[in-house]
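**Student:** Generate coordinates for the sequence data below:
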Amino acid sequence: MLGVILTLAAIGLVAYFVIKNYYPPIILLLIGLVLLFIAYFTGVAPVAAKNSTHFFAFDVAQAFTDLMKGRLPGLGLNIMAIAGFAVYMDRIGASKSLVKLCVKPLQAIRSPYVLLALTYVVGQFIALFVNSAVGLGLLLMASVYPLLVALGVSRTSAAAVIATTCCLDLGPSSSNAMRAADLCGMDVVTYFIQGQGPVALCTIASVAIGHFFVQRWFDRREGAKANAENGPESTMDVDKALEGAGPAYYAILPMLPLFLLVIFSPLVYKGIKLSLVTAIIVSLIITLVIDILTRRDFKQCCKDSQAIFEGMGKVFTSTVSLIVCAELFALGLNKIGGISTMIQAAASMQNAGLVIMLLVMLVIMIVAAIVTGSGNAAFFAFSPLLPEAASSVGIPTLALVVPVQLSAGIARTMSPIAGVIIAVSGITGLTPIDLIRRTIPVMIIAVVVSVASSLIFL
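**Tutor:** Sure, this is the predicted structure:
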């Protein structure tokens, strides 16, 4: 019972400090270290005997060292490589070319709420290649938002749809998907296609339909009027918003890593084994050659390639550090035994064990994501618990990991302190609370559908 109380207290402390805008990685690190000290004094060693320094205070630091040694060469390098690639795509205008290509068909649709639903679908597709929720939100605010408003969609409805376009962390470029695949003992492409694929298709359809009806209901209830004549956004030129986009064929460049990974995966062609980082390096080389041949300015092209390393460094300070510190926090929770007690209690409920376990993990993940405003922080803090939770009720790890992993991104879109919510609401002049009033009903639908489809397909 003491372990459960300490667990709840630790989660409460993390929530308090994050809400008060303390730096999340260091908060997770410090509370994790405290939990490891507490665990030691209750007779649980911080590290395995073979890794011990033979002094308990140093063993606590050794636990953090072991996590870094395990994460930086693998998952950490993958995330940094993807971030470097994404920043480079933005620097040369390839990301804007992809958005411009995807936006063009939307301009032909004249039904406001059909356009609203399709905007989400298109945005979620782009999110496979532009893996920053804030970055994608800003791109779509500059390009699609004026089009939606000009066709009579209310500012709040348009903002709500754009804020949710990255609500599902899908594909090999998602750090959460990489971690989930690791937990399931699968390569990330197989996890994406066989695990996330069927669940994501159902969830995407439900979110699109949900936006159609929910935003229309809110607009009618609030008496929203078409603001094409009055809103300053409606006068914006979509082409001007995407100024700086590269040539049309640059749109395929952000898709190169995913294309290579799918082709040279066990699902398509087994003869060649291609890792994620190698696929990105190959894609970068191809992109650099194409960029040099297109612009014919070797010096400037070389200068722009600096964005690769800038992106890698930036994501190390923001995401990779968060991952390692969150895992130390999770290790501390495991060592004090509270989570194991809750898992065993759920497993002991014979017929209801699976449902209870799923609900327990979903509630933990959703609350953590809403409180922290980060799907990454929530998932990396608690994901190490999932294999044990799945085995305790006798289900495949994949069946538990997929809905819980997707719920972290979905819940982020319900948080008033999430970066994408703050960015989109700031541009539209809304408050974050006004915005999440529109996103929460749709995201609840998404959680229900993702869980139901996971139970059916996995």
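
**Student:** List the contacts of C102.
**Tutor:** Taking CB atoms under 8 Å, 6 or more residues apart in numbering, we find C102 in contact with 122, 125-126. Where you see a C-beta, it was placed from the backbone N, CA and C, and this is true even at glycine.

**Student:** and if we set it to 6 Å?
**Tutor:** Counting by CB atoms under 6 Å, 6 or more residues apart in numbering, C102 makes contact with 122, 126.

**Student:** what stretches of the stretch 151-300 of the chain score poorly on pLDDT?
**Tutor:** Along the stretch 151-300 of the chain, segments meeting pLDDT under 70 span 224-243.

**Student:** again, 90 this time
**Tutor:** Applying pLDDT under 90 to the stretch 151-300 of the chain picks out residues 151-155, 166, 171-175, 178-179, 182, 185-189, 219-248, 251, 254-280.

**Student:** the helices in it, which residues?
**Tutor:** 155-163, 175-184, 188-190, 197-222, 238-241, 256-263, 276-295, 298-304 (DSSP state H, counting those that start in this stretch).

**Student:** buried sites along the longest one?
**Tutor:** Within helix 197-222, the residues that qualify as buried by neighbour count (16 or more other CB atoms under 10 Å) are 198-200, 202-204, 206-208, 210-212, 214-216, 218-219.

**Student:** That helix packs against which elements?
**Tutor:** Under the contact criterion of 3 or more CB pairs under 6 Å, 6 or more residues apart in numbering; DSSP states H and E, helix 197-222 touches helix 112-126, helix 155-163, helix 432-457.

**Student:** Do a quick rundown of the helices in the stretch 301-450 of the chain.
**Tutor:** 306-315, 321-336, 338-347, 353-372, 375-382, 386-392, 397-412, 419-428, 432-457.

**Student:** still on that earlier bit, right, so the helices and strands packed on helix 197-222: which one is the most enclosed?
**Tutor:** Most buried of these by mean neighbour count (mean count of other CB atoms under 10 Å) is helix 155-163; its value is a mean of 27.

**Student:** That helix: how far from the chain's middle?
**Tutor:** With CA atoms, centre = their mean, to the nearest Å as the basis, helix 155-163 stands 19 Å off its chain's centre.

**Student:** cool, and stretch 441-451?
**Tutor:** Counting by CA atoms, centre = their mean, stretch 441-451 comes out at 16 Å from the chain centroid.

**Student:** hang on, the earlier thing: same list, the helices and strands packed on helix 197-222, but as a markdown table with distance to S374 please.
**Tutor:** What follows is the helices and strands packed on helix 197-222, written out as a markdown table (distance: least, CB to CB, whole Å):
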| stretch | distance to S374 |
| --- | --- |
| helix 112-126 | 19 |
| helix 155-163 | 15 |
| helix 432-457 | 15 |
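
**Student:** F259 is nearest to which of those helices?
**Tutor:** helix 112-126 (14.0 Å; CB to CB).

**Student:** Remind me which helix or strand the most far-flung residue of the chain relative to its centre belongs to.
**Tutor:** In the chain, the residue that sits farthest from the middle, by CA atoms, centre = their mean, is H54; the gap is 39.2 Å. Using DSSP states H and E, H54 sits within no helix or strand.

**Student:** What degree of burial does the closest residue in space to V189 that isn't next to it in sequence show, as a neighbour count?
**Tutor:** Closest residue to V189 apart from its sequence neighbours, by CB to CB, 6 or more residues apart in numbering: S265 at 4.3 Å. Neighbourhood size, S265 [other CB atoms under 10 Å]: 21.

**Student:** what separates S265 from T190, distance-wise?
**Tutor:** Look at S265 and T190: by CB to CB, to the nearest Å, they are 7 Å apart.

**Student:** Likewise for V149?
**Tutor:** 41 Å.

**Student:** neighbour count winner among those two?
**Tutor:** Neighbour totals were compared for V149 and T190, and V149 leads with 26 against 15 (other CB under 10 Å).

**Student:** circling back to that earlier point, pLDDT at the residue farthest from the centre of the chain, what is it?
**Tutor:** The model reports H54 with a pLDDT of 85.

**Student:** How about G12?
**Tutor:** Value for G12, per-residue pLDDT: 84.

**Student:** and it, which of the three is it?
**Tutor:** State at G12, reduced to three classes by DSSP: H, G, I helix; E, B strand; the rest coil: helix.

**Student:** Neighbours of it, how many?
**Tutor:** Neighbours of G12 using other CB under 10 Å come to 11.

**Student:** do you know how far it is from F212?
**Tutor:** 38 Å.

**Student:** same deal with A408?
**Tutor:** 25 Å.

**Student:** Contacts only, for M80.
**Tutor:** 312, 315-316.

**Student:** Could I get the pLDDT score of the nearest residue to it once chain neighbours are set aside?
**Tutor:** Leaving out its chain neighbours, the residue that sits closest to M80 by CB to CB, 6+ apart is M312, at 4.1 Å. We have a pLDDT of 87 for M312.

**Student:** got the contact list for M312?
**Tutor:** Residues near M312 by CB under 6 Å, 6+ apart: 80, 83-84.

**Student:** at 10 Å instead, please
**Tutor:** The contact partners of M312, by CB atoms under 10 Å, 6 or more residues apart in numbering, come to 77, 79-85, 87, 320.

**Student:** Mind putting the residues you listed into JSON lines with distance to G426 and pLDDT?
**Tutor:** As requested, those are exported to JSON lines (distance: CB to CB, whole Å; pLDDT from 0 to 100):
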{"residue": "L77", "distance to G426": "33", "pLDDT": "83"}
{"residue": "I79", "distance to G426": "27", "pLDDT": "77"}
{"residue": "M80", "distance to G426": "28", "pLDDT": "85"}
{"residue": "A81", "distance to G426": "31", "pLDDT": "86"}
{"residue": "I82", "distance to G426": "26", "pLDDT": "81"}
{"residue": "A83", "distance to G426": "23", "pLDDT": "81"}
{"residue": "G84", "distance to G426": "27", "pLDDT": "87"}
{"residue": "F85", "distance to G426": "28", "pLDDT": "87"}
{"residue": "V87", "distance to G426": "22", "pLDDT": "86"}
{"residue": "V320", "distance to G426": "27", "pLDDT": "78"}
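
**Student:** Of those residues, which is the most crowded?
**Tutor:** Of the contacts of M312, with other CB under 10 Å as the count, F85 tops at 29 neighbours.

**Student:** Now name the helix or strand holding that one.
**Tutor:** Applying DSSP H and E, one finds F85 within helix 77-91.

**Student:** Figure out how far that helix is from the centre of its chain.
**Tutor:** 15 Å.

**Student:** Tell me the first helix or strand C-terminal of that helix.
**Tutor:** Immediately after helix 77-91, counting by DSSP H and E, sits helix 94-103.

**Student:** Run the chain-centre distance for that next one.
**Tutor:** 21 Å.

**Student:** That helix - what's its average pLDDT?
**Tutor:** On average, helix 94-103 scores 81.

**Student:** Helix 77-91 and that helix, what's the angle between them?
**Tutor:** 70 degrees (axes from the mean of the first three to the mean of the last three CA atoms, to 10 degrees).

**Student:** What would helix 94-103 look like as CSV? C-alpha coordinates only.
**Tutor:** Taking C-alpha atoms only, helix 94-103 is exported to CSV below (Å, rounded to 0.1, in the frame of the first residue of the first chain):
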residue,chain,number,x,y,z
ALA,A,94,10.3,20.6,-49.3
SER,A,95,7.9,20.5,-46.4
LYS,A,96,6.0,23.5,-47.9
SER,A,97,6.0,21.8,-51.3
LEU,A,98,4.3,18.7,-49.7
VAL,A,99,1.7,20.9,-47.9
LYS,A,100,1.1,22.9,-51.1
LEU,A,101,0.5,19.7,-53.1
CYS,A,102,-1.9,18.3,-50.5
VAL,A,103,-3.8,21.6,-50.1
